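Student: predicted structure and sequence below. I'll ask about it afterward.
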Amino acid sequence: MALTSRLVAGLLGAAIVGGAAAAQHQQDGLVNVAVGDIKTGDIVSNNTVAVDIAANVAATVRGTTVNAAVISEQLAKTGAFNCEGPDQFVRITPAR
């Protein structure tokens, strides 16, 4: 649960910092980011954010780099981007 708290705090912090960065480049839209517990399948956080912030959340869960362009491409092709870390999963979908 501590990882979830850090992830949500990081997401909110990234949203604040990312707001200024988003103003510097064009963003076509927002995405929904759901973070869930692998063991229970429960969604522990569900937010609508810019795709670059979603990439940061996915990278935090996976422990690797996740490129926003890759997420955008996957969303365009399949309508969703999913990844997993050891304890949590991330599901990114277009905001409606």
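Tutor: Looks like it arrived, so ask away.
Student: could you pull out the helices for the chain?
Tutor: Counting by DSSP state H, the chain has these helices, from start to end: 2-24, 51-62, 68-78.
Student: could you pull up the residues touching the closest residue to Ile71 other than its chain neighbours?
Tutor: Closest residue in space to Ile71, ignoring its immediate chain neighbours: Phe81 at 4.8 Å, by C-beta to C-beta, 6 or more residues apart in numbering. Backbone N, C-alpha and C define where each C-beta goes, glycine included. Contact analysis of Phe81 by C-beta atoms under 8 Å, 6 or more residues apart in numbering lists 54, 58, 70-71, 74-75, 90-93.
Student: now do 10 Å
Tutor: 31, 33, 51, 54-55, 58, 66, 70-75, 90-93 (C-beta atoms under 10 Å, 6 or more residues apart in numbering).
Student: repeat that for Glu73.
Tutor: Contacts of Glu73 by C-beta under 10 Å, 6+ apart are 67, 81.
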